[in-house]
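J.: one predicted model, sequence on top.
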Amino acid sequence: MTYDVIVVGARVAGSSTAMLLARAGLHVLVLDQARFPSDTLSTHQLQVPGVARLARWGLLEKLLATGVPATGRVRFENGGVVIEGAYPPHDGVETMLSPRRTVLDALLVDAAREAGAEVREATTVEGLVFDGGRVTGVRCRSKDSASTMTERGTLVVGADGRHSTVAGMVGAAEYNARPSRSMAFYTYWQGLPVDGGEMYAFDNRVASAWPTNDGLVMTYVAWPAAEFAAFRQDPAANLLTTLDRAGTLGERARNAVSVAPTRGTNDLPNVFRKPFGPGWVLVGDAGLTMDPITGLGMGHGLRDAELASRAIIAGLGPQARLDAEMARYARQRDKQTKAIYDFTVSLASLNPATAAERALFAAIAARPRDTTTFFGTINGSVPMRRLFSPGKLIGLVGVRGFMQLARSRPR
Ligand SMILES: Cc1cc2nc3c(=O)[nH]c(=O)nc-3n(C[C@H](O)[C@H](O)[C@H](O)COP(=O)(O)OP(=O)(O)OC[C@H]3O[C@@H](n4cnc5c(N)ncnc54)[C@H](O)[C@@H]3O)c2cc1C
């Protein structure tokens, strides 16, 4: 039997792609080496545009029913300047969510199954099948069986994460790559009071707190990648002493109960990969990975699922049409990501805010409309140029402030 599409990886990007394709009537197989519910390294903030996609797909109510709190208020403190406010509405949604990956990924796997996709868990893709240079299937092995199976598909979608096996086997070209700049560590607390999301940047550290399922609060810290060995000597203590520098967050954490080990990684590459070729497509981290400091990877995975599935549905048929649709998917993805990718890589360098940047934050904090726009730019719902164009910046900090900002920019 030949499937229309075989998807490798069943988390945010893979299950969403499979669900959208199956809803359009395509015959879809999804393979993942994990068994769901399954956790993965992720601080799991799903920004407003991602939540809006779930709403559009009819999945938001189910997700909210798991008890994940909706977060509409946010506080950002950088170099002593505090910006506090709300997210701008995006497609009718004004809140972000921080669902545990055990919850969100399992919900998406169920949605793919309900749409008619065949999902095989505990099944690892070990190789691709090529026919005259075109990918025509996968070789996979179930954890319950010793033998390898071959499955055929018109297209194979790699949704298998930042170290994508599919991308490696097809030799997907990389561009705009930047090495890991920061490390990300996090843990969970019971009884840590928060009123929305909190983000802090000071010296060359970042800390944040977000409410999640089961009444818990997740706290995240970022340090420069160069300090990995020092951080690893005592992750829990280093996380807590970083929270101590973040307003009253450390004090609240010290009065709460730590309910999980501190986990994290310094394996945080930034890279674009060409997301299509003969018989193959990449979505999510497999095609575009960036530092989690802006918390946008999951939302990008959902966006890619939408763009790529649209392209596949429109393009299945004559080869020339598929190529044109895939090229359009790649262009849309890159256009929508380039500015926030550069911003993310710059933030991940963890340079302390300059005096000119602190003046800009103070100007933004003083105007509620700009505060809302600011939170929209950092959650990916408002284009960066809306706030960071020369004209807008001059309006905020004056010509001299703009010149100082321009000089302090290369970070
Ligand atoms: C520390 C950390 C914190 C983060 N915090 C955030 C955050 O707050 N907000 C946010 O939006 N993003 C965050 N991210 C990024 C986010 O986790 C990713 O962008 C997102 O998980 C990508 O989803 P995906 O579906 O593309 O890939 P993944 O979630 O990586 O899923 C890939 C799947 O493919 C499967 N797979 C891999 N290889 C094979 C194979 N050969 N055969 C079968 N299955 C295979 C894996 O088992 C896995 O289930 C964070 C990342 C890290 C590392």
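T.: Here it is on my side, so go on.

J.: residues contacting the nearest residue to Gly116 once chain neighbours are set aside?
T.: Spatial nearest neighbour of Gly116, excluding adjacent residues (Cβ to Cβ, 6 or more residues apart in numbering): Ala22 at 4.3 Å. To be clear about C-beta, it is placed using only N, CA and C from the backbone, and glycine gets the same treatment. With contact set as Cβ atoms under 8 Å, 6 or more residues apart in numbering, Ala22 has these partners: Val28, Ala112, Ala115, Gly116, Ala117.

J.: could I get the residues you listed as CSV with pLDDT?
T.: As requested, the contacts of Ala22 are exported to CSV (pLDDT from 0 to 100):
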residue, pLDDT
Val28, 98
Ala112, 98
Ala115, 98
Gly116, 98
Ala117, 98
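
J.: which of those fall within strands?
T.: In strands, judged by DSSP state E, the following of those are found: Val28.

J.: by neighbours, which of the contacts of Ala22 wins?
T.: Neighbour counts for these, by other Cβ atoms under 10 Å, peak at Val28, which reaches 29 neighbours.

J.: that residue contacts Arg120, correct?
T.: No: the pair Val28 / Arg120 is not scored as a contact, 11.5 Å apart, by Cβ atoms under 8 Å.

J.: in the stretch 151-300 of the chain, where is pLDDT below threshold?
T.: For the stretch 151-300 of the chain, no stretch has pLDDT under 70.

J.: so which bits of it are right by the ligand?
T.: Proximity of the stretch 151-300 of the chain to the ligand, by Cβ under 6 Å from any ligand atom, involves residues 159-161, 165, 184, 264-265, 284-286, 292, 295-299.

J.: quick one: which two of the residues you listed are the most distant?
T.: Comparing all pairs in these by Cβ to Cβ, the longest separation belongs to Thr165 and Gly295, at 25.5 Å.

J.: more neighbours: those two, which one.
T.: Per other Cβ under 10 Å, whichever of Thr165 and Gly295 has more neighbours is Gly295, with 26 against 20.

J.: got a list of what the closest residue to the more buried one other than its chain neighbours touches?
T.: Leaving out its chain neighbours, the residue that sits closest to Gly295 by Cβ to Cβ, 6+ apart is Gln45, at 3.8 Å. Residues near Gln45 by Cβ under 8 Å, 6+ apart: Met96, Leu97, Ser98, Gly197, Trp210, Gly295, Met298.

J.: related to what we said a few turns ago, would a markdown table of the contacts of Ala22 with distance to the ligand be doable?
T.: Supplementary listing: the contacts of Ala22 in a markdown table, determined by distance: Cβ to the nearest ligand atom, whole Å:
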| residue | distance to the ligand |
| --- | --- |
| Val28 | 15 |
| Ala112 | 12 |
| Ala115 | 17 |
| Gly116 | 20 |
| Ala117 | 15 |
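
J.: for the nearest residue to Ser408 once chain neighbours are set aside, give its distance to the ligand.
T.: Of all residues not flanking Ser408 in the chain, Thr354 sits nearest, at 3.9 Å (Cβ to Cβ, 6+ apart). For Thr354, the distance to the ligand equals 26 Å [Cβ to the nearest ligand atom, to the nearest Å].

J.: now do Pro275
T.: 12 Å.

J.: got phi/psi on the residue of the stretch 51-200 of the chain found nearest the ligand?
T.: Using Cβ to the nearest ligand atom, the closest approach of the stretch 51-200 of the chain to the ligand is made by Gly161 at 2.8 Å. For Gly161, the backbone dihedrals are phi 80, psi -180 (criterion: degrees, to the nearest 10).

J.: now do the same contact list for the nearest residue to Gly215 once chain neighbours are set aside.
T.: Nearest residue to Gly215, sequence neighbours excluded (Cβ to Cβ, 6+ apart): Gln190, at 6.7 Å. Residues near Gln190 by Cβ under 8 Å, 6+ apart: Gly215, Leu216, Ala256, Val257, Val259.

J.: now the nearest residue to Glu251 once chain neighbours are set aside. Its backbone dihedrals?
T.: Among residues not flanking Glu251 along the chain, Asp244 sits closest, at 7.6 Å (Cβ to Cβ, 6+ apart). When read as degrees, to the nearest 10, the backbone of Asp244 gives phi -60, psi -20.

J.: what is the burial count for Asp244?
T.: 15.

J.: now do the contacts for the residue nearest to Ala86 when sequence neighbours are not counted.
T.: The spatial neighbour of Ala86 that comes closest, neighbours along the chain excluded (Cβ to Cβ, 6+ apart), is Gly72 at 5.5 Å. Gly72 makes contacts with Ala86, Tyr87, Glu94, Thr95, Met96, Gly196, as judged by Cβ under 8 Å, 6+ apart.
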